[in-house]
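Output the structure for:
(one chain, ligands or ions: 2)
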Amino acid sequence: MASFKTLDDLEDGQRVLVRLDLNSPVEDGEVQDNRRFDRHAETVRELAERDCGVVCMAHQGRPGRDTFVSLEQHADILGRHVGKPVEFVPDTFGDRAISAIDDLAGGEILLLENTRMCDEELPEEEPTVKAETEFVKALAPEFDAYVNDAYSAAHRSHASLVGFPLALPAYAGRVMETEYEANTAIAERAFDGPVTMVVGGTKASDVIDVMTALEDKVDTFLLGGIAGELFLRAMDVPVGRDIEGMDLFDDQWAENETTIRSLLDDYGDQIRLALDLAFEDDEGERDEIEVLDVEEKDRAFLDVGSNTVSEYAAIVEDSEAVFVKGALGLFEDERFADGTVGVLEAIAETDCFSVVGGGDTSRAIEMYGMSEDDFGHVSIAGGAYIRALTGERLVGVEALRG
Ligand SMILES: Nc1ncnc2c1ncn2[C@@H]1O[C@H](COP(=O)(O)OP(=O)(O)O)[C@@H](O)[C@H]1O
Ligand SMILES: O=C(OP(=O)(O)O)[C@H](O)COP(=O)(O)O
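Numbering: from 1, shown residues only. Ligands and ions are numbered 1, 2, ... in the order given. Below you'll find the predicted structure:
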């Protein structure tokens, strides 16, 4: 179990500084609503209902990128999800921020400006260094407590994540608590029956890291996506054509060939690869081919085939726990969603313990009309999820332990 304090340990009516992760896609300058708002709203609402004065901080994008924008729009979106007004303060820790915090009554909510607009936030440094920044020293005396709900940013040693826990009594928010429990389950929990891990997506290195870290915890790895094709290539199946403009295959093959071959040599019995693959035919329709019939590296495969889905679904049905990282195909295109959706539906239908993570893959649940309630946990974290799966400790979580 986690050895940090949670909101159950926090007294009502306090003035609290809450770190959220509202980092969102931005299209043409417009911040896109997403599950992070909905999840964090639960923590913020609870604190406001418990008569706390709630001051939220969060980041958006990275300096120099188009997504590095103000949090003004985030305040409106968050307010809609909380069901209460969230006042935006265009300042991180200066006079305007301090004066707005001083005026805050119990039950009211503020959102401060993008923490990454403060110079001291970003360089990754030790918590003790971050605790000595002007940012932390100016804000901390205004509060009774600090709550970190930003699990998905907890792998970053930034001031708003690791500095404040040294300056204030620190608690995990509801998102932090549930993400931590679910995402560390594979590394820390023992299951009575078979444990299965579905791994796919575009990043072979993520898949390799997960497989290497978890080979003794997982009975069967079900592979798909671009990563799965690279494993097929190591079995001499001529797949993995480069899509124009994207060095998805050849670069990754050059980087990972040796590790993929040794994973297959050492843990081949635990690894299932696609039996068939799907591609776009001349009429633009989905077509499928048996892996054994692929003779030339002349087309892009965009999903696993229907026999593979049946085989994978049967393995899922017999599992005690299933963890998902990465999609089995290009599910954003309905023609190539069968693998990802078929396996997710199999998970949803069984009563196994399940965790689905990865920013892109978990979007498939909503896109294809499945309910998050049918899964044990759907993570809103990307990088932090991978780190948790591979047993890496997250600095932001460690800082909460005191
Ligand atoms: N065969 C494929 N060809 C192209 N894209 C694929 C293929 N298989 C999976 N994908 C893409 O992989 C993406 C998810 O990859 P990744 O970023 O590694 O996972 P996540 O963000 O879920 O951790 C999906 O958006 C999906 O479109
Ligand atoms: O969205 C985030 O990470 P993710 O894309 O790995 O889920 C976090 O907000 C961390 O952002 P960062 O990777 O710019 O430090």
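
Can you name the residues of this protein sitting close to ligand 1?
200-203, 206, 225-226, 301-302, 326-327, 329-332, 358-361, 382 (CB under 6 Å from any ligand atom). (Glycine included, C-beta is placed from N, CA and C.)

any low-confidence regions in the stretch 151-300 of the chain?
241-247 (pLDDT under 70).

now the helices: where do they sit in it?
164-167, 174-183, 185-188, 204-214, 225-234, 250-267 (DSSP state H, counting those that start in this stretch).

Pick out the residue of the stretch 201-350 of the chain closest to ligand 1.
Ligand 1 sits closest to Gly201 of the stretch 201-350 of the chain, with a gap of 2.3 Å, by CB to the nearest ligand atom.

Report how many residues lie close to that residue.
22 (other CB atoms under 10 Å).

Identify the residues contacting it.
Applying CB atoms under 8 Å, 6 or more residues apart in numbering to Gly201 gives the contacts Val207, Gly225, Ile226, Ala227, Lys325, Gly326, Ala327, Gly358, Asp360, Thr361.

Apply 7 Å and report the result again.
Applying CB atoms under 7 Å, 6 or more residues apart in numbering to Gly201 gives the contacts Gly225, Ala227, Gly326, Ala327, Gly358, Asp360, Thr361.

Same list (these) but as JSON lines, adding distance to Asp119 and secondary structure.
Shown next, in JSON lines, are those (distance: CB to CB, whole Å; DSSP: H, G, I helix; E, B strand; the rest coil):
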{"residue": "Gly225", "distance to Asp119": "39", "secondary structure": "helix"}
{"residue": "Ala227", "distance to Asp119": "38", "secondary structure": "helix"}
{"residue": "Gly326", "distance to Asp119": "36", "secondary structure": "coil"}
{"residue": "Ala327", "distance to Asp119": "38", "secondary structure": "coil"}
{"residue": "Gly358", "distance to Asp119": "32", "secondary structure": "coil"}
{"residue": "Asp360", "distance to Asp119": "32", "secondary structure": "helix"}
{"residue": "Thr361", "distance to Asp119": "35", "secondary structure": "helix"}
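
which one in those residues is the model shakiest on?
Least confident of the contacts of Gly201 in the model: Gly358, at 81.

Is that residue in contact with Gly382, as I believe?
Yes. The criterion here is CB atoms under 7 Å, and Gly358 meets it with Gly382 at 6.1 Å.

In terms of packing, which of these two has more residues around it?
Counted by other CB under 10 Å, Gly358 and Gly382 do not tie: Gly358 has more neighbours, with 24 against 19.

Could you pull up the residues touching that one?
By CB under 7 Å, 6+ apart, the neighbours of Gly358 are Gly201, Lys325, Gly326, Gly382, Tyr385.

Run through the strands of the stretch 301-402 of the chain in chain order.
Per DSSP state E, counting those that start in this stretch, the stretch 301-402 of the chain carries strands over the ranges 303-304, 321-325, 353-357, 377-378.

looking at those strands, which is buried most?
Mean neighbour count (mean count of other CB atoms under 10 Å) peaks for strand 303-304 among the strands of the stretch 301-402 of the chain, with a mean of 32.

Show me which of the contacts of Gly201 is closest to ligand 2.
The shortest approach to ligand 2 among the contacts of Gly201 belongs to Gly358, at 8.6 Å (CB to the nearest ligand atom).

if I look at the closest one, how far off is Val316?
Separation of Gly358 from Val316 (CB to CB, to the nearest Å) stands at 17 Å.

What of Gln252?
For Gln252, the distance to Val316 equals 26 Å [CB to CB].

who has more neighbours, these two?
Neighbours of Gln252 and Val316, each counted by other CB under 10 Å, are more numerous for Val316; the result is 26 against 23.

List the contacts of Ala327.
So Ala327 contacts Gly200, Gly201, Gly225, Thr340, Asp360, Thr361, Ala364 (CB under 7 Å, 6+ apart).

What subset of those residues is buried?
By neighbour count, with 16 or more other CB atoms under 10 Å, the contacts of Ala327 hold Gly200, Gly201, Gly225, Thr340, Thr361, Ala364 as buried.

number of nearby residues for the nearest residue to the fourth one once chain neighbours are set aside?
The reference is to Thr340. Spatially, and ignoring its direct neighbours in sequence, Thr340 is nearest to Phe331 (4.0 Å; CB to CB, 6 or more residues apart in numbering). As a burial measure, Phe331 scores 25 neighbours (other CB under 10 Å).

Pretty sure Phe331 sits against Ala337.
Yes. Counting by CB under 7 Å, Phe331 does reach Ala337; the two are 4.0 Å apart.

ok, back up a step: quick check, nearest of the contacts of Ala327 to Ile98?
Checking those against Ile98 with CB to CB, the nearest one is Asp360 at 39.6 Å.

what residues are up against the closest one?
Per CB under 7 Å, 6+ apart, neighbours of Asp360: Gly201, Ala327.

Excluding sequence neighbours, find me the nearest residue to Ile226.
Distance criterion CB to CB, 6+ apart; nearest residue to Ile226, sequence neighbours excluded, is Thr202 at 4.9 Å.

can you count the residues close to that neighbour?
Around Thr202 there are 16 residues (other CB under 10 Å).

That one and Leu248 touch, don't they?
Yes. Counting by CB under 7 Å, Leu248 is a contact partner of Thr202 at 6.1 Å.

any shared contact partners between these two?
Counting by CB under 7 Å, 6+ apart, the contacts common to Thr202 and Leu248 are Ile226.

ok, and does stretch 15-28 reach over to ligand 2?
Yes. Under the criterion of CB under 6 Å from any ligand atom, ligand 2 is reached by stretch 15-28 at Asp21, Asn23.

For that stretch, give the mean pLDDT please.
The average pLDDT within stretch 15-28 is 97.

before we move on, what about stretch 367-382?
What stretch 367-382 shows for mean pLDDT is 95.

can you give me the offset of it from its chain's centre?
Counting by CA atoms, centre = their mean, to the nearest Å, stretch 367-382 is centred 11 Å from the centre of its parent chain.

ok, and what's touching it?
Residues from elsewhere that reach stretch 367-382 (CB under 7 Å, 6+ apart): 35-36, 39, 151-152, 178-179, 182-183, 337, 341, 344-345, 347-348, 353-359, 362, 365, 385.
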